[in-house]
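A.B. asks: Attaching a predicted model along with its sequence, questions to come.
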Amino acid sequence: MSRADGTPYAPHTDAETAAMLAAIGVDDEEALFDIPEPVAFDGDFGIEPRTEREIRDECARIFERNDDLTEFLGRGHYAHYVPSVVDHLSDRAEFLTSYTQYQPEVSQGFLQALFEYQSMLVELTGLDVANCSMYDAATALGEAATLADRVRSTSGDTVLVPEQLREGKRAVLENYCDGADLTVETYPMADGTADVDAIADRAGDDVVMLYAESPTVRGCLEERLAAIGDVADETDALFALGSDVVALSVLESPAAVGADVVVGEAGSLGLPTSYGMGLGIFACRDDFLRQVPGRLVGASEDANGDRAYTLTLQTREQHIRKERATSNICTNQAWVALRAAIHAATLGPDGLVDLANDCVREAEALAARIDGLSGATAPVHDRHHFREFAVHVDQPAPAVAEDLETEGFAVHAIDDHLLQVCVTDLNAGRTDGLVAAFEGVL
Amino acid sequence: MSRADGTPYAPHTDAETAAMLAAIGVDDEEALFDIPEPVAFDGDFGIEPRTEREIRDECARIFERNDDLTEFLGRGHYAHYVPSVVDHLSDRAEFLTSYTQYQPEVSQGFLQALFEYQSMLVELTGLDVANCSMYDAATALGEAATLADRVRSTSGDTVLVPEQLREGKRAVLENYCDGADLTVETYPMADGTADVDAIADRAGDDVVMLYAESPTVRGCLEERLAAIGDVADETDALFALGSDVVALSVLESPAAVGADVVVGEAGSLGLPTSYGMGLGIFACRDDFLRQVPGRLVGASEDANGDRAYTLTLQTREQHIRKERATSNICTNQAWVALRAAIHAATLGPDGLVDLANDCVREAEALAARIDGLSGATAPVHDRHHFREFAVHVDQPAPAVAEDLETEGFAVHAIDDHLLQVCVTDLNAGRTDGLVAAFEGVL
Amino acid sequence: MIHDQANYERGDEDVREPLLSEKGQETVDVREDSPLPEDLTRDELTLPNPSEPETARHYTRLSQMNWAIDAGPYPLGSCTMKYNPKFTEDVAADPNAAVHPDRSGRSAQGNLELQYRLQKMLADVGGMDAVTLQPPAGAAGELTGILVTKAYHEHHGNDRSEVVIPASAHGTNFATAATAGYDVVELPSGEDGRVDLEALEAAVGDETAALMLTNPNTVGLFERDITEIADIVHDAGGLLYYDGANLNALLGRGRPGDMGFDVMHYNVHKTFATPHGGGGPGAGPVGVVDELAPFLPTPRVRESTEGSGYERFEPAHTIGRVHGFAGNWLVLIKAYAYIARLGDEGLADAAAKAVLNANYLAERIDLDVPHGPFHHEFAATASDRDAADVAKRMLDFGVHPPTTKWPEMVPEAMLTEPTEIEGQSSLDDLAEAFNLAYADTDEALDAAPNRTAAARIDQVGAARDPRLSWQALDAE
Amino acid sequence: MIHDQANYERGDEDVREPLLSEKGQETVDVREDSPLPEDLTRDELTLPNPSEPETARHYTRLSQMNWAIDAGPYPLGSCTMKYNPKFTEDVAADPNAAVHPDRSGRSAQGNLELQYRLQKMLADVGGMDAVTLQPPAGAAGELTGILVTKAYHEHHGNDRSEVVIPASAHGTNFATAATAGYDVVELPSGEDGRVDLEALEAAVGDETAALMLTNPNTVGLFERDITEIADIVHDAGGLLYYDGANLNALLGRGRPGDMGFDVMHYNVHKTFATPHGGGGPGAGPVGVVDELAPFLPTPRVRESTEGSGYERFEPAHTIGRVHGFAGNWLVLIKAYAYIARLGDEGLADAAAKAVLNANYLAERIDLDVPHGPFHHEFAATASDRDAADVAKRMLDFGVHPPTTKWPEMVPEAMLTEPTEIEGQSSLDDLAEAFNLAYADTDEALDAAPNRTAAARIDQVGAARDPRLSWQALDAE
Ligand SMILES: Cc1ncc(COP(=O)(O)O)c(C=O)c1O
Ligand SMILES: Cc1ncc(COP(=O)(O)O)c(C=O)c1O
């Protein structure tokens, strides 16, 4: 309060400021700025300082303007119930208010937590190496493409992706491909999953990376991943597989189907629904170790011979290698990775597998109920689904989605007569309401 | 999940349990219980285990059944805005999940925090000694009476208290007096504060303790505390003064008016509104050091000659002195004291004094506005008020209070035609609504 | 396991993290801006004025210099230091639960419902008929229980002056009886560490208001003769008080009400895992049998006599109040959440694992445990070593030591209660700490601890020359 | 000041707190209960299965072995490690803000409003016309800005192939330009540590898409010739990119937009005090002048063109997306709360105090600072000592050392940025740590650190024999 005129987060009393200025030998703080007059700013922004209580009230009022909907939304952003212990532990100031572990001796705690996160991803992907985070699934996919560009000897410049791919993810991929002069092309899908014959037909020298995902953006589980892997292998394309950390706990191991790189989303553990904030997975085979983007934590020894952890292989990174770095990423999602690891530890393998199995069962059950309604067919694709599935509605989908919104439910409208519905433990208790609302609006 | 049948908070796998039983040399856990058959229990309580998410939902639903009222309530339980940093720091597990500092070498952190709390109370009361917490203001008053009983040479058995005293506080006092064979008597009040002449008339050998409070339960500030202190002094009664940690920051120092003991509430810093949960102040003159109830932290040295803190003068306490202890208190309110100290540190003396001054100004302003309404007079007492004041209403007070409740406001009905209204920073922004509601229901 | 505790030390000044006052105080002229007349106000106020970042660092550092359950084992006998589930904090932080105690019952139905539910759960677990949630700690619960006992006797025209308490009982029992105005009759422990029936017969009589008993007692032994004990006390017209500090051992296995106890307190910060908070707050609800219910503190909560919902009511012969308001509300919420989380099977399992852990640990240590069979805790004896010194040395091995030198019936007692939350490997760590310390040289014990923020602290000096505030330090 | 960091060590096994995997793993038969056909599933999954108390202890202990701003000074140059106000965590935790990104704009008006407000605040502070919040970190902001630049040039039929970057720039600038497909033209630093105008003239030309500049630059020097620099670049048809990592020094004193910059990123985890989280998440919003606004990522948020409220829209020539959704939302909320808390005067004061602190600290240390006048950070030189060794020794004195050996224009650089949150006494602590370490013997430097959880770590060995998972350790 006595510091109301300045930042409340600087401790200087007037006397202290004066003493410090005297020590420096200047009269006032202005004298320390070396900004030529013409470009100096002496206007104001018109931002009124507020108390923390005022801001809490103000933001609470703002966020109340979001409608109170029960969301059955997915398509790349998922959340499960996050146990309270995840918040309490990850919020510990030593984690939250530290930075990159440039001084490992004093940062063993976070380094070990990230090492453990990497190890969990190694188990889930079956690959040798996992980095300690990317921004999100989309940027991780982009980085996979640039890695493919670097490591593949083919003269190609094509990245092959499924025609059903989240538009935003594809847009990000295009931006990463732009700089590497790569072109993104799609392969067709057959009833919700990859048309492997079409892929085989299209594959060839010009393809540096072949990307498939399971579950797909529509929640379908790919059934022929190994076959796709074989195509990639034969044509010397990098096989990048997109998935989700929860799904990975039950799906066939990416390594077993021949994946060279796994990208995807791990924020479905640890993060609540957060407007799309994510945690990108990046794992790959040992061969590409020196081409991995992002940070890696490795085990070593300290001067006493005790096991110790440190960031390693930093010559891949931009702060050493500059324009020859494997990626421009610097600040990453370390704290989110910590949260995902704590969440995984809290669940244990049992809990994680249960959660994943429920993602299959709940989706199947809800699809069947919606299918029972007249005017709707679900799931549209005759596949195994994970969390979500497409629904055909006889009426125009956008209108149905809007009507459902009026009833308090949010679903995706993905095409003229297609909706998409995602069910997790968070909304599974509200499916009766959703089905009733569907019945009412169809 | 894999431990769903037992407590989720024991780590034992089945294999571990078996190994441990084998090490002990018994077949099962039952064999370890030595409870004779007739008194063994093999029924059930019918308590269904629930997941943490279910309980959070369940309790949220339960608490939603509290009406959403704006409270203008006080009379001994007050709350101010608690800065977020208080929660974040006091919730640190090392504070929250530790216990009494029986091993000071490994508990310096909490000991220092309590030492600092004591010091703040010493500053606020002007007395030499403050303990590191009592349960609440009422029990602290009770302990003051038993201390008076022990230290006063008078043959008396009377404790004199104001006639206007929170009923619950008096009831607690009576219970502490019960065991000490003390009798509680009241002295009259004149227009909201102590009738000092009546006190002087009543005082005498039989009075072991004279209690006054400022602010009073009706929010009036006592104007003649020194005179009351003189009466106590002359008749060799202990002068116990009741107050509140925020009010103490601006009121004349208790030591200056001759208080021997200060009791009262410090939970108005650090605690949110919490259904009456409190933090009892207990401070006194040096003379009574060995009679203080509760825990004291003192400074000492460690084997390296560094300053260190430790619980001290424990021979006063029940775990050493048993029935000759100065009190039976053991578990106290240490963590609440920590919160109060953090809150005070966050405010600083400036912020604390501002807060206290606002308690005077807001009460005065609101009383004036209510006084402007026809059918109401406020404040009833022609005194300086702190946070709260009595309102005379022409209509029956309980009916007015009930009508206000319907309008979304809670006030106290304290007599047939008396209401009481308390205003702090938390509800000061809602006074327009209150005044309008008053206008509507009067 | 070796644990170096964090330490921030200003070598130049021989202090660890400086006091807030040493980091900078500010003196405010109170009268300058005061809306009050001069004769009501102090002229100035001097207090620390740290910025928020300084405050955050100060308390973060202090916390790092403090051991806690979340750091490692904390087997303080009699204290039941369990893990405190984090989600209970979130439940207690619900802003909708933050209501003023003077709300009308009508407008506080949520709080009343939770109170009602918790009263019922506790009554069921203890085998009691009625429960009050008002007492803010175990000792306050004891005082409540004994005052209820006293009121009951008085109501029946029965003025009794004594409370009988086994020598091994916790200090609060003695202090409570004295606070309630009773003379204490101390019952020597029997050979086997339990109540000696003959001694009890001799101790009780017309003046006996109550016997206060902890069961399992303070060395973890179940009072096998509890039925006989109850009969003796009841026959003499006394009541039986159950100190609930050790209820964790009995959850789902035995209920005080079924053993003849008339009144009991629950230590929710022990049995029901609410955090100990560095010394509190706790909560000490009291349960009684039907005959005593009319004497319980006011108000209690019941289902509405008319319509739905809940209401407060005043028991017919209430002793009044033992707390200014409704007790330690936030703590009670956490206890509710914990009990609901465990349910019947979880509670019974907690007892089983607590007893398993104590027995396993006792098996693993080189110290003698003179009495048995014990349940959730045991008193090992350091015999010819000083228990307090052994404890100090244990601090160097990454564990908190047990309660020392109490109860006195075991010489150089180390009263150990690991609770159910430790697993085999942390019990092994504990055992190792015990054994290394116990076998260490006298010199090593004297010099311990070595890895804590502070070295051995001069407690005698602290008491001889009490300096209880920074003002006292400044005055030197 | 001396700091002993906490340490939990299992002496027998030469490890600190064991890995979660070492505490116990469980293998689950995935197929047993699976609703999926066998050929879709793995057969088993092996992961740690700690109980909640074990988890709590594990991470509590790990946290205690980790330095942080809330523990003490953390003056990493270029990183702007400020105190992160706690209340911003509460604001970000508002459940009402937790909505899915695919919500209709109509039903997410609250989020849109906050996005709109933050866009506007940032635009005002940077002197820019339009802002996107999408980039999830500073480097992502750079890539966004450079892709916008590229799209702008291409839109104007102007294919350019080079980005000019001063040698002293942060590695991300170089890597970003390369990622965007540009050739990097490195600009040597001038004698005075700033851009040499002649060298610049020589470097720019028809192929120059942009000059990326940090201002104050990475040793804290303001590019006094910024107007001339802008003219040179603009005259060549290039754009001027502002790396916002050092914006803290300019708040309320100078705006990139006013200096001729066309595009910039903001590092909200630096300038606007959102937590660094052990390496992230951050957020890197990008601001541009009007001409570049049509190229920004989609969607942006504006006031509704019809009626009240806010709506998403797609910029006319958008580059598409740089993040799958709306960026690091929780971080953006905290930035909003921080800016609102400080307001105009607080922001300007933050810059003033940050510059004051850097200058005071530089005054107090025995190391030379070759360039000046610097603002919020300075690069001292350890001259004939190894900067990395000096840094290791500083760890023993209760502070985090500065960034070392960068930028390269200062030999053995120790790039130091105390930020505004340190007070005089903690700056004195920092200076003492600098001076003691700098003056220490070679042996002492080699042997440092001594009081940290780990002693000096073999980083060369870690890279030579990479073991990046517990599986890799087990395989040994
Ligand atoms: C056996 C026993 N009884 C009673 C108590 C008193 O409980 P509280 O500390 O909650 O007042 C304790 C507390 O340590 C105890 O161990
Ligand atoms: C000067 C400069 N530019 C850019 C960046 C990159 O920002 P970020 O780490 O948020 O990606 C940094 C971060 O350290 C920096 O210091």
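C.D. replies: Cool, the structure landed. Ligands and ions are numbered 1, 2, ... in the order given.

A.B. asks: Next to chain A, which bits of chain C? Give me the list.
C.D. replies: By CB under 8 Å from any CB of the partner chain, the residues of chain C that approach chain A are C:24, C:26, C:49-54, C:56, C:60, C:85-87, C:89-90. Using the backbone N, CA and C atoms, a C-beta is placed for each residue, glycine as well.

A.B. asks: and which of those is nearest residue D:353?
C.D. replies: Nearest to residue D:353 among those is residue C:51, at 10.7 Å by CB to CB.

A.B. asks: I'd assumed residue A:16 was in contact with that closest one.
C.D. replies: No. Using CB atoms under 8 Å, residue C:51 is not in contact with residue A:16, being 10.8 Å away.

A.B. asks: The two: which has the busier surroundings?
C.D. replies: With neighbours defined as other CB atoms under 10 Å in any protein chain shown, residue C:51 and residue A:16 compare such that residue C:51 has more, 25 against 18.

A.B. asks: Might you report the residue contacts of the more buried one?
C.D. replies: Residue C:51 makes contact with A:3, A:8, A:9, A:10, A:11, D:421, D:423, according to CB atoms under 8 Å, 6 or more residues apart in numbering or on different chains.

A.B. asks: In a markdown table: those, plus neighbour count, secondary structure and pLDDT.
C.D. replies: Formatted as a markdown table, those follow (neighbours: other CB atoms under 10 Å in any protein chain shown; DSSP: H, G, I helix; E, B strand; the rest coil; pLDDT from 0 to 100):
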| residue | neighbour count | secondary structure | pLDDT |
| --- | --- | --- | --- |
| A:3 | 20 | coil | 42 |
| A:8 | 22 | coil | 95 |
| A:9 | 26 | coil | 97 |
| A:10 | 27 | coil | 96 |
| A:11 | 25 | coil | 95 |
| D:421 | 29 | coil | 97 |
| D:423 | 24 | coil | 96 |
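
A.B. asks: Could you identify the most distant pair in those residues?
C.D. replies: A:8 and D:423 (13.4 Å).

A.B. asks: How many residues are close by residue 165?
C.D. replies: Picking chain A for this. Burial measure for residue A:165: 23 neighbouring residues, criterion other CB under 10 Å.

A.B. asks: Not quite, go with chain C.
C.D. replies: Once other CB under 10 Å is used to define contacts, residue C:165 is seen to have 27 neighbours.

A.B. asks: got any ranges where chain A has weak pLDDT?
C.D. replies: Applying pLDDT under 70 to chain A flags residues A:1-4, A:153-154.

A.B. asks: For ChimeraX, write the select line for the buried members of the residues of chain C next to chain A.
C.D. replies: This is how ChimeraX selects the buried members of the residues of chain C next to chain A, with burial counted by 16 or more other CB atoms under 10 Å in any protein chain shown:
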select /C:24,49,50,51,52,53,54,56,60,85,86,87,89,90
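
A.B. asks: Closest to residue C:257 out of the residues of chain C next to chain A?
C.D. replies: Closest approach between these and residue C:257, by CB to CB: residue C:85, at 27.1 Å.

A.B. asks: show me what contacts that closest one?
C.D. replies: A:84, A:85, B:9, B:52, C:273, C:337, C:338, C:341, D:52.

A.B. asks: one more time with 10 Å, if that's ok
C.D. replies: Residues near residue C:85 by CB atoms under 10 Å, 6 or more residues apart in numbering or on different chains: A:83-85, A:88, B:8-9, B:52, B:55, C:91, C:273-275, C:334, C:337-338, C:341-342, D:52-53, D:56.

A.B. asks: Now do the shared contacts for residue A:8 and residue D:423.
C.D. replies: Joint contacts of residue A:8 and residue D:423 (CB under 10 Å, 6+ apart) are C:51, C:53.

A.B. asks: rewinding a little: among the residues of chain C next to chain A, which are in helices?
C.D. replies: Among the residues of chain C next to chain A, DSSP state H puts C:52, C:53, C:54, C:56, C:60, C:87, C:89, C:90 in helices.

A.B. asks: separation between the second one and residue D:423?
C.D. replies: Translated: residue C:53. Separation of residue C:53 from residue D:423 (CB to CB, to the nearest Å): 9 Å.

A.B. asks: Quickly list what's touching both of these two.
C.D. replies: A:10, A:11.

A.B. asks: Mind checking what secondary structure the closest residue to chain D within the stretch 151-300 of chain C has?
C.D. replies: Closest to chain D within the stretch 151-300 of chain C is residue C:273: 10.2 Å, counting by CB to the nearest CB. State at residue C:273, reduced to three classes by DSSP: H, G, I helix; E, B strand; the rest coil: coil.

A.B. asks: Who are the contact partners of it?
C.D. replies: Neighbours of residue C:273 in contact, by CB under 10 Å, 6+ apart: B:7, B:9, C:69, C:80-85, C:88, C:248, C:334-335, C:337-339, C:341-342, C:350, C:419-421.

A.B. asks: Check the stretch 151-300 of chain A for the residue nearest chain B and tell me.
C.D. replies: Counting by CB to the nearest CB, the stretch 151-300 of chain A gets nearest chain B through residue A:272, at 12.4 Å.

A.B. asks: I am assuming that residue contacts residue A:83, so please confirm or correct that.
C.D. replies: No. At 11.3 Å, residue A:272 and residue A:83 do not qualify as touching, with contact defined as CB atoms under 10 Å.

A.B. asks: ok, these two, which is more surrounded?
C.D. replies: Legend: neighbour count by other CB under 10 Å for residue A:272 and residue A:83, higher for residue A:83 (24 against 19).

A.B. asks: My guess is that one contacts residue A:343. True?
C.D. replies: Yes. Using CB under 10 Å, residue A:83 is in contact with residue A:343, at 6.8 Å.

A.B. asks: Give me the common contacts of these two.
C.D. replies: With CB under 10 Å, 6+ apart as the test, residue A:83 and residue A:343 both reach A:270, A:351, D:55.

A.B. asks: and stretch A:370-388, which residues are buried?
C.D. replies: A:370, A:373, A:376, A:378-381, A:383-388.

A.B. asks: Just the closest of those to chain B, please.
C.D. replies: residue A:387 (17.9 Å).

A.B. asks: Tell me who's in contact with the residue in the stretch 101-250 of chain A that ligand 2 sits nearest to.
C.D. replies: Residue of the stretch 101-250 of chain A nearest ligand 2, by CB to the nearest ligand atom: residue A:135 (9.6 Å). Listed by CB under 10 Å, 6+ apart, the contact set of residue A:135 reads A:142-143, A:172, A:277-280, A:294, A:329, A:331-333, A:336, D:135-137, D:139-140, D:280-282, D:284, D:322-324, D:327-328.

A.B. asks: For residue C:476, give me the pLDDT.
C.D. replies: pLDDT recorded at residue C:476 is 82.

A.B. asks: For it, which residues are in contact?
C.D. replies: B:299, C:465, C:467.

A.B. asks: tell me the SS of residue 370?
C.D. replies: In the absence of a named chain, chain A is used. Residue A:370 - assigned by three-state DSSP - is helix.

A.B. asks: Would you quantify the distance from the closest residue to it other than its chain neighbours to residue A:435?
C.D. replies: Using CB to CB, 6 or more residues apart in numbering or on different chains and skipping residues adjacent in sequence, the residue nearest residue A:370 is residue A:378, 4.3 Å away. Distance of residue A:378 to residue A:435, computed by CB to CB: 11 Å.
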